[in-house]
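J.: Predicted model and sequence below, questions to follow.
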Amino acid sequence: MRRPPESAHRRAGRRRSPFGALRPAVTVACGYAAAALVWVISGTDLPGGRWLAVHLFTLGVLTNLVVALSYHFAQTLLHAPERSRVGRLVAVNTGALLILTGLPANQRWLVASGATALTASVLWLYADLRRIRKASLTGRFAFVVRAYEGACSAFIHGAVLGALMGVGVLTGSWYAAGRLAHLHVNVLGWGGLTLLATVLFFGPTVMRARMEPGADAAGAKGLCRAATGLTVATVALLLTGAGGVMVLPARLAAAAGLVVYATGVAAVCVPVVRTGQRAQPTCASRMLQAACCWFVAVAAADAVVIATGQLRLLDGLGAAMLVGVLGQTILAALGYLVPMAWAHGSEGRRTALKRLGRLPRARPLALNVGVALVAAAATVGTAGGAVGAVAARLGWLLAAAAVALQVVLLAMTIARAAIPAPDQA
């Protein structure tokens, strides 16, 4: 029997992958990750400096993956029919690029247009998630999709705050309060809530181990607490902009909300760490366990920092959250998703997983030592002097090396999938 053309063969194999629809978003996210690495390594030498490096990650990498993965997992968990995602992917990246070019160039109309496009895209996602959940007859993991809806709501509020700051509506003390609320609701809400909801059930899959008994029930309650606590904290942080006698009670209310958020984080993350302890150690399982530990520590420390008003310490916590929690979780997830989405056949996927699991101890160690050094250097600030500066540079070098190696391995896996096997030529 005549073998079908190679390209058709590959397309048929890819359609069989349950993660095949994620390929466009993952490819775009990897491109943003490479750009973010360039900006991190270059420091302030390139346009936009540190701000652009952070937003290449949050708008480019994080937002693309959150939008794609939350919709994919909502469909999978609640057995909803497949729908096209291309339009939303285009809208998300149009908005992201407008913001990334508009703010460094001081073009407020670009910032406003980009924020509008991004907000509309996430509203679209929110509507789809809600529709899927309402139409589903499967109830066990409906709370995961509800958490994704909460993350979308957090993004929308964060985008509104970001736009108000970007176009100059919020000024003075309100600008500082708005920026603080914006950072918390985006990082802990859009990124954090999505991470918690996903790692609860997908973490054991990546680790190739069974979920801890009762972890789903405890996780459902933890996610609800985290969402409620973050809402309280965000509103209270914004109210600190009123100044005067309002500052202290608003700050303490925000800290209380963050304590509630931290208990929710622990309820989800501790069972995932226990699952990793039972699983066979791999690069991905070590990264997920480390990310969960960082998340618990960062959430607790954030509540203390806000309560005491030591806001200078937020730089260190921000670095730990972005790289140690969100970035590390993304690296672990992509190390599993890319072979599943691109490699052909079970043997090809095993080979790709093995390739992406190289240096299973050294890579997580380098990344997490780097995060610890960067966080410590940011915490001591100028008091660290030359030692602190060296620690920061060494930390960023270690973290960037670990991330760069993962990006290269991901690119190799994607490229090899495009080369036909000898029996297909």
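T.: Yep, it's here. Just so it is clear, the structure is predicted and the values come from calculations on it, not from any experiment.
J.: Next, count neighbours for W51.
T.: W51: 14 surrounding residues under other C-beta atoms under 10 Å. Heads up, the C-betas are built off the backbone N, CA and C, glycines and all.
J.: So the nearest residue to M321 once chain neighbours are set aside: helix, strand or coil?
T.: Of all residues not flanking M321 in the chain, V298 sits nearest, at 5.0 Å (C-beta to C-beta, 6 or more residues apart in numbering). Following DSSP: H, G, I helix; E, B strand; the rest coil, V298 is assigned to helix.
J.: list the contacts for V298?
T.: Residues in contact with V298, defined by C-beta atoms under 8 Å, 6 or more residues apart in numbering, are L317, A320, M321, G324, V325.
J.: for the chain, which spans come out with low pLDDT?
T.: Counting by pLDDT under 70, the chain contains low-confidence ranges at 1-16, 43, 418-425.
J.: Excluding sequence neighbours, find me the nearest residue to V265.
T.: Counting by C-beta to C-beta, 6+ apart, the nearest residue to V265 once its immediate chain neighbours are dropped is A299, at 4.5 Å.
J.: Same question for I99.
T.: Distances taken as C-beta to C-beta, 6+ apart place G114 nearest to I99, at 3.7 Å, with adjacent residues excluded.
J.: What's the local residue count around the one you found?
T.: Counted with other C-beta under 10 Å, residues neighbouring G114 total 26.
J.: Let me know whether it touches A96 as I believe.
T.: Yes: between G114 and A96 there is a contact under C-beta atoms under 8 Å: 6.8 Å.
J.: got the contact list for the residue nearest to V265?
T.: Going by C-beta under 8 Å, 6+ apart, A299 touches L188, L258, Y261, A262, V265, A266.
J.: ok, so what distance separates it from A320?
T.: Using C-beta to C-beta, to the nearest Å, one obtains 11 Å as the distance from A299 to A320.
J.: Same question for A80.
T.: According to C-beta to C-beta, A80 stands 36 Å off from A320.
J.: quick one: which of the two has more around it?
T.: Here A80 and A320 are set side by side on neighbour count (other C-beta under 10 Å), and the busier one is A320, at 25 against 19.
J.: How much space separates the more buried one from A290?
T.: Remark: distance between A320 and A290 (C-beta to C-beta) = 11 Å.
J.: roughly how far is stretch 151-166 from the heart of the chain?
T.: From the chain centre to the centre of stretch 151-166 is a distance of 16 Å (C-alpha atoms, centre = their mean, to the nearest Å).
J.: For the remainder of this discussion, apply numbering that starts at 26.
T.: All right, first residue 26 from here; so that's stretch 176-191.
J.: Can you name the residues in contact with that stretch?
T.: Counting by C-beta under 8 Å, 6+ apart, residues outside stretch 176-191 touching it are 88, 91, 95, 124, 127-128, 133, 136-137, 140-141, 143-144, 147-148, 150-151, 154, 195, 200, 203-204, 206-207, 210-211, 213-216, 218-219, 222, 255, 259, 263.
J.: try 6 Å
T.: The contact list for stretch 176-191, computed with C-beta atoms under 6 Å, 6 or more residues apart in numbering, reads 136-137, 140, 143-144, 147, 150-151, 195, 200, 203, 206-207, 210-211, 214-215, 218-219.
J.: so who does A424 touch?
T.: Going by C-beta under 6 Å, 6+ apart, A424 touches V348, L392, G395, V396.
J.: From H369, how far out is it?
T.: Distance from A424 to H369, counting by C-beta to C-beta: 33 Å.
J.: Next: G410.
T.: The value you get for G410 to H369, if C-beta to C-beta is used, is 54 Å.
J.: of these two, who's got more company?
T.: A side-by-side neighbour count of G410 and H369, using other C-beta under 10 Å, places H369 first with 21 against 10.
J.: and that one, how far is that from P296?
T.: Going from H369 to P296 by C-beta to C-beta gives 34 Å.
J.: cool, T307 as well?
T.: Distance from T307 to P296, by C-beta to C-beta: 18 Å.
J.: again with A176
T.: The spacing between A176 and P296, counted by C-beta to C-beta, is 20 Å.
J.: Between the two, which is the more surrounded one?
T.: Of the pair A176 and P296, A176 is the one with more neighbours under other C-beta under 10 Å, namely 31 against 24.
J.: Check which helix or strand that one maps to.
T.: Under the assignment given by DSSP states H and E, the secondary-structure element containing A176 is helix 167-191.
J.: In that helix, which residues are buried?
T.: Neighbour-count burial for helix 167-191, with 16 or more other C-beta atoms under 10 Å as criterion, is recorded at 167-184, 186-191.
J.: where's that helix relative to the chain centroid, distance-wise?
T.: On C-alpha atoms, centre = their mean, the centre of helix 167-191 falls 13 Å from that of its chain.
J.: Please enumerate the helices of the stretch 126-275 of the chain.
T.: Secondary structure of the stretch 126-275 of the chain by DSSP state H, counting those that start in this stretch: the helices cover 133-160, 167-191, 197-209, 219-232, 240-264, 272-303.
J.: Switch the ones you listed over to JSON lines; also include distance to H80.
T.: Putting the helices of the stretch 126-275 of the chain into JSON lines (distance: least, C-beta to C-beta, whole Å) gives the following:
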{"stretch": "helix 133-160", "distance to H80": "11"}
{"stretch": "helix 167-191", "distance to H80": "10"}
{"stretch": "helix 197-209", "distance to H80": "12"}
{"stretch": "helix 219-232", "distance to H80": "18"}
{"stretch": "helix 240-264", "distance to H80": "20"}
{"stretch": "helix 272-303", "distance to H80": "23"}
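J.: Many thanks, have a good one.
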